[in-house]
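S.K.: 3D, please:
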Amino acid sequence: MFSSQNTAASSGETVWVLGYGQFGQRAVKLLRKTAPTSKIVVVDSQPISEFQGDVEVVCADGVEWFAENFTSEADVTKIIPALPVHLAAQWIKKKLTNEQRIIHSEKIPDSHLHQFPHPIRLTPHSIVMSYADFICPANCSEPEDLCTYTQLARPLSLYLLLETTVLGNFKPLIVRSRQFALGVGGFLPTDLWHLLERVRALPETPLLIGTACKCHGIVDGFRHTMVQL
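M.R.: Next up is the predicted model:
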């Protein structure tokens, strides 16, 4: 869904694609062309039978599988979230819960919405946003200076805007979505581990956990507390 710098997959890499809907299918199609020697693992809750051995398929809930298999020893180079959920936030919540911490959802007040470009509220504590008020080209290369569609100068990259915006008591912690193929974005494992370390260090603090590229993003508000034994 999101993308940022152009970081094409290369030989010897392992790419996880979580979800095989419209975005997941497009990601796999492009990666098979641009990185034919890379190992691709597709995880979806529905059986997939169209591949002939060049793609490993796992039939499982994407979030649950990711939470169980994404460890520091995991054989994965790039992660492409193609699920209708905020994967980074869901993974962090599961990690914290496993560490005996309690997760408290934090409502993002309506008074903060004007600080997000074209915000859409998904839940009281979750907002999606975009600089674009149009449908972006599927093959956007995310150039540095100009918008592919409008040819106008880009505003401040959204991941930077969110990281530096003052939002009441919330502390924004944003992971950058990086472009692995045209219009296909995802995470580097080290970026997710770094995000988790930052979250762990801020118990009791209202956090705004976000994923964003230059133009599109999602944020989720919550705080975590340690279980009192």
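
S.K.: what's the longest strand in the chain?
M.R.: For the chain, the strand with the greatest residue count under DSSP state E is strand 216-226.

S.K.: Report the mean confidence score over that strand.
M.R.: If you average the pLDDT over strand 216-226, you get 96.

S.K.: That strand pairs with which strands, and in what direction?
M.R.: Taking DSSP bridges as the criterion, strand 216-226 pairs within the sheet with strand 101-105 (antiparallel), strand 126-130 (antiparallel), strand 207-212 (antiparallel).

S.K.: Check which residues of the first one are buried.
M.R.: When burial is assessed from 16 or more other CB atoms under 10 Å, strand 101-105 yields the following buried residues: residue 101. Using the backbone N, CA and C atoms, a C-beta is placed for each residue, glycine as well.

S.K.: right, and the helix or strand after that strand?
M.R.: Taking DSSP states H and E as the definition, the helix or strand that follows strand 101-105 towards the C-terminus is strand 120-123.

S.K.: helices or strands next to that next one in the packing?
M.R.: strand 126-130 (3 or more CB pairs under 8 Å, 6 or more residues apart in numbering; DSSP states H and E).

S.K.: roughly how far is the host helix or strand of residue 32 from the heart of the chain?
M.R.: When secondary structure is defined by DSSP H and E, residue 32 falls within helix 22-34. For helix 22-34, the distance between its averaged C-alpha position and the chain's averaged C-alpha position is 17 Å (CA atoms, centre = their mean, to the nearest Å).

S.K.: For it, give me every contacting residue.
M.R.: Surrounding helix 22-34, the residues in contact under the criterion CB atoms under 8 Å, 6 or more residues apart in numbering are 1, 8-9, 15, 17-18, 20, 38, 40, 42, 44, 54-55, 80, 82, 138, 180-184.

S.K.: before we move on, what about stretch 193-205?
M.R.: Residues outside stretch 193-205 that contact it (CB under 8 Å, 6+ apart): 72, 88, 92, 95-96, 99, 101, 171, 173, 175, 207, 209, 223-226.

S.K.: Just the buried ones from these?
M.R.: The neighbour-count criterion (16+ other CB under 10 Å) marks 88, 92, 95-96, 101, 173, 175, 207, 209, 223-224 among the contacts of stretch 193-205 as buried.

S.K.: Pick out the most distant pair among those.
M.R.: Across the buried ones among the contacts of stretch 193-205, no pair lies farther apart than 101 and 175, at 19.2 Å, counting by CB to CB.

S.K.: which stretches of the chain form helices?
M.R.: Listed in chain order, the helices found in the chain under DSSP state H are 22-34, 62-69, 87-98, 158-164, 189-200.

S.K.: For residue 154, which non-adjacent residue is spatially closest?
M.R.: In this structure, residue 154 finds its nearest non-sequential neighbour in residue 147, 5.8 Å apart by CB to CB, 6 or more residues apart in numbering.
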